[in-house]
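[1] here is the input, now give the coordinates:
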Amino acid sequence: MNPVDIAEPLRSRWSPSVFDARHELSDAETTRLLEAAQWAPSSGNRQPWRYIVAPRGSAAHRLLVPRLSRGNSGWVPRASVVFLSVVELGQDGVELSDVLIPTHDVGQASAHLTLQAQAMGLFAHQFGGFDHDGLAADLRIPDTARLLAGIAVGLRGDPAEVSERDAERDHRERRRRPLAETAYAAWGVAWPGLDPSGPATLAT
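    Predicted coordinates for the structure are as follows:
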């Protein structure tokens, strides 16, 4: 297959499961990541994203770790910092049922943060495996907001220090479904401008 011809840092972005448990981010580096999220596109400039910043060892981090799913409990705590994304729904008279565009915007902000991490020589791995309700209660997130996901950020670590399962994840081939199954001219009908032999993999 030919390589995917997309720009950096999109091309090199990927989600490792082995982080360096000794690496720490400075406050300035963490702020830079948050600034990238701050300048994401926003419908009506509502900026519905909020982030709980949980550096390893912080009070927020100590609340997060026991709430992680079994599959995430080994690798997430090793990251330098975890950003917990929250969508704010109770502002400007917006009904709580109006979740689509605000949640879409939080996703964009999180993508900006992730790409900024890659540009800084860091790695980010987004995850959703944790007790959302329990952690939201622990963090006192109000009913006008919803806890969405986590973004673990740090440097790559030594696979010998983690479980075989977590180490193996970092050697999986990066794959995506063919664009013909994503880009439609009409629902279920592939957009005709696609190259049918186009790549769906990237080297790690």
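
[2] okay, CA-based contacts and neighbour counts for the rest of this
    Will do.

[3] what about stretch 98-106, distance to the chain center?
    Here stretch 98-106 is found 16 Å from its chain centre; the criterion is CA atoms, centre = their mean, to the nearest Å.

[4] ok, residues contacting that stretch?
    With contacts defined as CA atoms under 8 Å, 6 or more residues apart in numbering, stretch 98-106 is touched by 40-43, 47-49, 85-89.

[5] quick one: secondary structure of the residue nearest the centre of the chain?
    Geometric centre of the chain, nearest residue: residue 126, 3.0 Å, by CA atoms, centre = their mean. Of the three states, residue 126 takes strand under DSSP: H, G, I helix; E, B strand; the rest coil.

[6] which residues does residue 63 contact?
    Contacts of residue 63 (CA under 8 Å, 6+ apart): 135, 138-139.

[7] contacts for the longest strand seen in the chain next, please.
    If you go by DSSP state E, the chain has its longest strand at strand 145-154. Residues outside strand 145-154 that contact it (CA under 8 Å, 6+ apart): 19-20, 23-25, 76, 79-90, 110, 114, 117, 122-128, 132, 136, 141.

[8] that older thread, ok, of the contacts of residue 63, which one's closest to residue 173?
    Nearest to residue 173, judged by CA to CA, of the contacts of residue 63 is residue 135 at 32.5 Å.

[9] can you count the residues close to the closest one?
    19 (other CA atoms under 10 Å).

[10] residues of the host helix or strand of it that come out buried?
    If you go by DSSP states H and E, residue 135 is part of helix 132-138. Within helix 132-138, the residues scored as buried using 16 or more other CA atoms under 10 Å are 132, 135-136.
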